[in-house]
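Q: model this:
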Amino acid sequence: MTTMKVSAEIAEDGTLRLEVPTGLPAGRAEVLVVVQPEANGKAGSATANGRAVRSGLFAGKSVSAIDVDATLDEMNQVWRSKLSGQR
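A: Residues are numbered from 1 along each chain as shown. Below you'll find the predicted structure:
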């Protein structure tokens, strides 16, 4: 797994387009995208009362407490259950 941090512009219509050289061979890949607004024109977390704002699976967790692999597993389980319910 490779983790990259990039800055990007969101278009007027709300879309985000990324061109990211990965150095990986051609083929399918699983991609996790976290879009975080820039605070005061600088990359950083959105804040409320000086505290970082997180939602969803990240709500109530500090950055150091987030286990990326466990979070990805949890996200995959949620999507699998949603997809299996659509049949």
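Q: just the endpoints, please. Distance across stretch 6-14?
A: 17 Å (Cα to Cα, to the nearest Å).
Q: ignore the last one, stretch 12-30
A: Stretch 12-30: ends 27 Å apart by Cα to Cα.
Q: can you check stretch 14-23 too?
A: With Cα to Cα applied, stretch 14-23 spans 28 Å between its terminal residues.
Q: what's it in contact with?
A: 2, 4, 6, 8, 10-11, 29, 33, 35 (Cβ atoms under 8 Å, 6 or more residues apart in numbering). C-beta here means a position set from N, CA and C on the backbone, and glycine is covered the same way.
Q: and these, which two are the farthest apart?
A: Of all pairs drawn from the contacts of stretch 14-23, the widest gap by Cβ to Cβ lies between Thr2 and Ala11 and measures 25.7 Å.
Q: how about low-confidence regions in this structure?
A: Along the chain, the model assigns pLDDT under 70 to residues 1, 39-58, 60-65, 86-87.
Q: any chance you could map the helices in it?
A: Secondary structure of the chain (DSSP state H): helices located at 68-85.
Q: if we can go back for a sec, export the contacts of stretch 14-23 to JSON lines and tack on neighbour count and distance to Gly23?
A: Conversion of the contacts of stretch 14-23 to JSON lines gives the following (neighbours: other Cβ atoms under 10 Å; distance: Cβ to Cβ, whole Å):
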{"residue": "Thr2", "neighbour count": "8", "distance to Gly23": "8"}
{"residue": "Met4", "neighbour count": "8", "distance to Gly23": "10"}
{"residue": "Val6", "neighbour count": "8", "distance to Gly23": "14"}
{"residue": "Ala8", "neighbour count": "11", "distance to Gly23": "19"}
{"residue": "Ile10", "neighbour count": "11", "distance to Gly23": "26"}
{"residue": "Ala11", "neighbour count": "9", "distance to Gly23": "27"}
{"residue": "Ala29", "neighbour count": "10", "distance to Gly23": "12"}
{"residue": "Val33", "neighbour count": "6", "distance to Gly23": "18"}
{"residue": "Val35", "neighbour count": "7", "distance to Gly23": "23"}
